[in-house]
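[1] Fold the following.
(one chain, ligands or ions: 2)
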Amino acid sequence: MRAAPGAPPAPKRSGDGFRGACVKLEQIEVRHVRLPLRDPFETSFGRTTHKEFLLLAVSAGGVTGYAEGVADADPYYLPETNATVLHILKDFLAPLCFGLEISHPRELLPAFSRVRGHEMAKAALEMAVWELWARRQGVPLHQVLGGRGGRIASGVSIGLQKDAAALVEKVEREVAAGYRRVKIKIKPGHDSQLVAAVRARFPKLPLMVDANSAYTLRDVAVFRELDAYDLMMAEQPLAWDDIVDHVALQREIRTPICLDESIRSVDNARHALDLGACLIINIKVGRVGGFGGMLAIHDLCRSRGVPVWCGGMLESGIGRLANVHLQTLPGFTLPGDTSASERYFVEDLIDPPVVVEKDGTIQVPEGPGIGHAIVWPRVDKATTFREVWRP
Ligand code: OSB
Ligand code: MG
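    Ligands and ions are numbered 1, 2, ... in the order given. Predicted coordinates for the structure are as follows:
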């Protein structure tokens, strides 16, 4: 059932959990989930064989909302880990949240501001409340975010391969599958020759590289070389917490820089754009404190005509669907890293899985919340521990 546009949502039950239109959380469940990846994923910062994440379930008034954390087991992409996220949630954010009467999930990120940093922990809880918010109104997540139904364009992120020939083969497979944009991972010693090999085979392919912070300003020659290959962008060439050196690099090269790791708040985004550190921004909702941070960065970039796209963290279907919904906002003008479930997992945790059609698009679900069923026996099988917290 759809709520009339603009009409206040009708609480499903009065009393329990819902004070008028407010949400007061009654329970937070956290699971640690470990799911084997179909193929290992290698970047400049390491090789991943299993997806390990925290799955949150927040309940109020007989409705439960779900979200997948984006932290990894290790601090090699960004400083947070699943262990730090669990600590910050359990000891700070959950108690804080139990004390709130939430009249809109947009209030959560500001309410969390006393906790400095820990964006992934904030996002996991905040996103679960948004998902609950949508389910409670019986509407898809994209509707409460201000997006639309329909389809989104899908791109693909290809990890480091054993050599250039293996990479080209992999690109061929993904292009044949319909993906609208290909991103390849690079690291020092494995960069311009890889790009040259892919470009030789696909002269017109929308192509980009992602360095995951593997370079310094001493490597400017590598990026000048990459300027010859008509790349859509170069993602996060320099340090994970840098803005200033990226300004210097962007002045030296034609290829647009896109920031990923360096953007963890709307203020980071504003600083980067004001200074000229990048021309494009990768938004990962879990990296920017949740949907509130995503919306603020989206709106800022849209007001300045700066394209954004949605990054990925090898999410299971639960996080993947959240990414599908948020990409229906109008500022997401470039294909993101949201690919089909089957590229990552033999069996995803949702039914149906996320599917990419031959035209390189994904259907946006219309059911309540994330919109596809969570397959609990599969989640149970992949759960290594579980905690339940109450006020
Ligand atoms: O930098 O975008 C990244 C995966 C894990 C951590 C960081 C990144 C990535 C990817 C893969 O590029 C995106 C995906 O397929 O989910
Ligand atoms: Mg990246």
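
[2] Please tell me how far residue 123 sits from ligand 1.
    15 Å (CB to the nearest ligand atom, to the nearest Å). Bear in mind the C-beta positions are built from the backbone N, C-alpha and C, glycine included.

[3] Actually, residue 301.
    Using CB to the nearest ligand atom, residue 301 is found at 17 Å from ligand 1.

[4] Show me what stretch 104-117 is in contact with.
    Under the criterion CB atoms under 8 Å, 6 or more residues apart in numbering, residues 79, 88, 92-93, 96-97, 100, 102, 121-122, 125-126, 129-130, 133, 144, 264, 289-293, 295 lie in contact with stretch 104-117.

[5] do stretch 208-223 as well
    Outside of stretch 208-223, the residues that reach it under the criterion CB under 8 Å, 6+ apart are 43-45, 77, 157, 181-188, 191-192, 195, 226, 231-240, 245, 248-249, 252-253, 255, 258, 260-261.

[6] Of these, which belong to helices?
    Among the contacts of stretch 208-223, DSSP state H puts 192, 195, 226, 245, 248, 249, 252 in helices.

[7] residue contacts, the nearest residue to the second one once chain neighbours are set aside?
    Sequence neighbours aside, residue 229 is the residue nearest to residue 195 in space, at 5.0 Å (criterion: CB to CB, 6 or more residues apart in numbering). By CB under 8 Å, 6+ apart, the contact list for residue 229 reads 192, 195, 196, 199, 207.

[8] Of the residues you listed, which is the most crowded?
    Within the contacts of residue 229, most neighbours by other CB atoms under 10 Å means residue 195, with 23 neighbours.

[9] which residues touch that one?
    Residues near residue 195 by CB under 8 Å, 6+ apart: 184, 186, 207, 209, 226, 229, 231.

[10] so what pLDDT did the residue lying closest to residue 238 once chain neighbours are set aside get?
    By the measure of CB to CB, 6+ apart, the closest residue to residue 238 outside its immediate chain neighbours is residue 245, 4.8 Å from it. Confidence at residue 245, expressed as pLDDT, is 98.

[11] which ones are touching residue 245?
    216, 217, 238, 239.

[12] From the contacts of residue 229, pick the one nearest residue 356.
    Nearest to residue 356 among the contacts of residue 229: residue 207, at 18.0 Å, using CB to CB.

[13] I'd say the closest one and residue 235 touch.
    No: with contact defined as CB atoms under 8 Å, residue 207 does not reach residue 235; the gap is 11.8 Å.

[14] okay, and the common contacts of these two?
    Common contacts of residue 207 and residue 235, defined by CB under 8 Å, 6+ apart, comprise residue 183.

[15] Pull the most distant pair out of the contacts of residue 245.
    Taking CB to CB, the two most distant members of those are 217 and 239; they sit 9.8 Å apart.

[16] can you tell if the top strand by length along the chain touches ligand 2?
    Ranked by residue count and defined by DSSP state E, the top strand of the chain is strand 27-43. No: under the criterion of CB under 5 Å from the ion, strand 27-43 makes no contact with ligand 2; the nearest approach is 8.0 Å.

[17] With stretch 172-186 instead?
    No: Stretch 172-186 stays clear of ligand 2 (CB under 5 Å from the ion), getting no nearer than 8.0 Å.

[18] in that stretch, what counts as buried?
    For stretch 172-186, a neighbour-count test (16 or more other CB atoms under 10 Å) marks 174, 175, 177, 179, 180, 181, 182, 183, 184, 185, 186 as buried.

[19] and if you look at stretch 114-126?
    Buried residues in stretch 114-126, defined by neighbour count with 16+ other CB under 10 Å: 115, 118, 119, 120, 121, 122, 123, 124, 125, 126.

[20] ok, so of these, who is nearest ligand 1?
    Proximity of the buried residues of stretch 114-126 to ligand 1 (CB to the nearest ligand atom) peaks at residue 120, which lies at 11.8 Å.

[21] how about the residues of the stretch 151-300 of the chain near ligand 1?
    With CB under 6 Å from any ligand atom as the criterion, the stretch 151-300 of the chain meets ligand 1 at residues 157, 210, 212, 260.

[22] And for the stretch 1-150 of the chain?
    Counting by CB under 6 Å from any ligand atom, the stretch 1-150 of the chain sits next to ligand 1 at residue 77.

[23] before we move on, what SS does residue 313 have?
    Under DSSP: H, G, I helix; E, B strand; the rest coil, the three-state class of residue 313 is coil.

[24] Name the nearest residue to it, sequence neighbours excluded.
    Per CB to CB, 6+ apart, closest to residue 313 is residue 70, 4.2 Å.
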